[in-house]
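Enquirer: Attaching a predicted model along with its sequence, questions to come.
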Amino acid sequence: MMANNDVEEDDEVYVDEDCDDLEEDDPQDEEEDFPDTKGIFDFTMDGFDKDFPFSGSAPSAPKEDLKAEVLPRMENPEVELKALTGCQEIREQIRQLTTLHQYNLMRRDFNPQAPLHAVNLHAVFHGAPGTGKTTLCRLYASLLYKAGALTSGHVVVASRSTFLGTNFGDEEKAVRAVLEAAKGGVLMIDEAYLLNPPHPNDPGKHVLQLMMPVLADENMRDIAIVLCGYSEPMERLLSLNDGLASRFPNRFKFPDFSVDQLLDISKQRVKTFNYHFTPKAWKLYKEVVTRVYEHRDKRTWSNAREVAHLLEKIYIHHANRCMTAPDPKKVLAITVADIRPLVTSFSFTPQHRIGFR
């Protein structure tokens, strides 16, 4: 049941077992359309140096011209991974992969003549927005570094715009530069299927072809390429060519978060700013998140980003309230008054109106 009529001010203590760090209330407080990925990839290594792109045979773009974001290695990835909400299956997949590499190192020390197991680091991260793909990609790179599989552990975040320029052949120069920048870490290509739009002469189609020598060469192990995006268009992209699909044996599926997981994420986010919900505010916030979740449009739902948007609005209301009546004792307490404006801002169709009055 949603809160009835006007929500009471925070005039008594509400004990919520789901929120461990609540403080007592103060008595005076109150889709995008995806392009068709039909087409044929004609991957070939002809015309490229064997050790492309790290041979220096072609000039790389200066780092300041690199149209990609570079994320540094995490210092304590094990702690970060353990604290992450959800993603249990993905965490286990990463653990198994890093363990296999560590086993290889141990095996080599015990018996240098024995052949090692092949460990392919390239992966596909697929799922809806806001499910933690970029965060997991950073953890993936950092954990592979800790395991000795990568020499740097940073992440280069690229997209279609990273590789395409204004002149013919710019994509080859960009691919060389991006791969060089990602050496020792992870190259994350967001919405990778946008590199294969329906137009047969689109230059984006060359990008994955240019990367095939790196993907195919068993000796080029000091880099992991991760393709990210929505599940269905990603599967269509990989289904176009068996050679491409076989180069990405590690598939990580990111499911949507549940209401409880979204609430856990909310608590983690407010702690970042040292805020705390009053008990009645937390109760109301849980009801808001539950109803927003129930009425979500699955085509556009963005999981943790939805929580971030809700909290940003709450922070604004909280800031305005505190500036009107400054009180150092209450500046970190999120109250019902900070959440109530959200209640009246929701608009659903008449048959699915939110239950606040």
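Expert: Cool, got the structure.

Enquirer: Name all residues that make contact with Asn303.
Expert: When contacts are counted by Cβ atoms under 8 Å, 6 or more residues apart in numbering, Asn303 touches 128-131, 256-257, 262. The way it works is simple: take the backbone N, C-alpha and C, and place the C-beta from them, glycine included.

Enquirer: rerun that using 10 Å as the cut-off
Expert: Taking Cβ atoms under 10 Å, 6 or more residues apart in numbering as the criterion, Asn303 is in contact with 86, 127-132, 254-258, 261-262, 265, 293, 296.

Enquirer: Let me know how buried the closest residue to it other than its chain neighbours is, in neighbour terms.
Expert: Of all residues not flanking Asn303 in the chain, Gly130 sits nearest, at 3.4 Å (Cβ to Cβ, 6 or more residues apart in numbering). Gly130 is flanked by 20 other residues according to other Cβ atoms under 10 Å.

Enquirer: now Leu84
Expert: For Leu84, using other Cβ under 10 Å, the count is 17.

Enquirer: again, but for the one 5 residues further on
Expert: Around Glu89 there are 12 other residues, counting by other Cβ under 10 Å.

Enquirer: Does it touch Gly127 like I think?
Expert: No - counting by Cβ atoms under 10 Å, Glu89 does not reach Gly127; the two are 11.6 Å apart.

Enquirer: Now for the two: what residues contact both?
Expert: Common contact partners of Glu89 and Gly127 (Cβ under 10 Å, 6+ apart): 252-255.

Enquirer: which ones among these are found in strands?
Expert: Judged by DSSP state E, these include 252-254 as members of strands.

Enquirer: now stretch 314-329, how far from the chain's geometric center?
Expert: Distance of stretch 314-329 from its chain centroid, counting by Cα atoms, centre = their mean, to the nearest Å, is 32 Å.

Enquirer: hmm, who's touching that stretch?
Expert: By Cβ under 10 Å, 6+ apart, stretch 314-329 touches 26, 28-30, 266, 270, 273, 275, 277, 281, 285, 288, 311, 330-335, 337-342.

Enquirer: how about 6 Å then?
Expert: Residues from elsewhere that reach stretch 314-329 (Cβ atoms under 6 Å, 6 or more residues apart in numbering): 331, 334, 337-339, 341.

Enquirer: and the residue nearest to Asn303, helix, strand or coil?
Expert: The three-state label given to Gly130 by DSSP: H, G, I helix; E, B strand; the rest coil is coil.

Enquirer: Just the pLDDT at it, thanks.
Expert: Gly130 is assigned a predicted lDDT (pLDDT) of 91.

Enquirer: for the contacts of stretch 314-329, which one is nearest Gln113?
Expert: Ile334 (63.2 Å; Cβ to Cβ).

Enquirer: wait, what's in contact with that closest one?
Expert: By Cβ under 6 Å, 6+ apart, Ile334 lies in contact with 275, 277, 281, 318.

Enquirer: what do you get if the cut-off is 7 Å, keeping everything else the same?
Expert: The contact partners of Ile334, taken as Cβ atoms under 7 Å, 6 or more residues apart in numbering, are 270, 275-278, 281, 314, 318.

Enquirer: ChimeraX command to pick out the buried ones of the contacts of Asn303?
Expert: Buried members of the contacts of Asn303, defined by 16 or more other Cβ atoms under 10 Å, are picked up in ChimeraX with:
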select :86,127,128,129,130,131,132,254,256,257,261,262,265,293
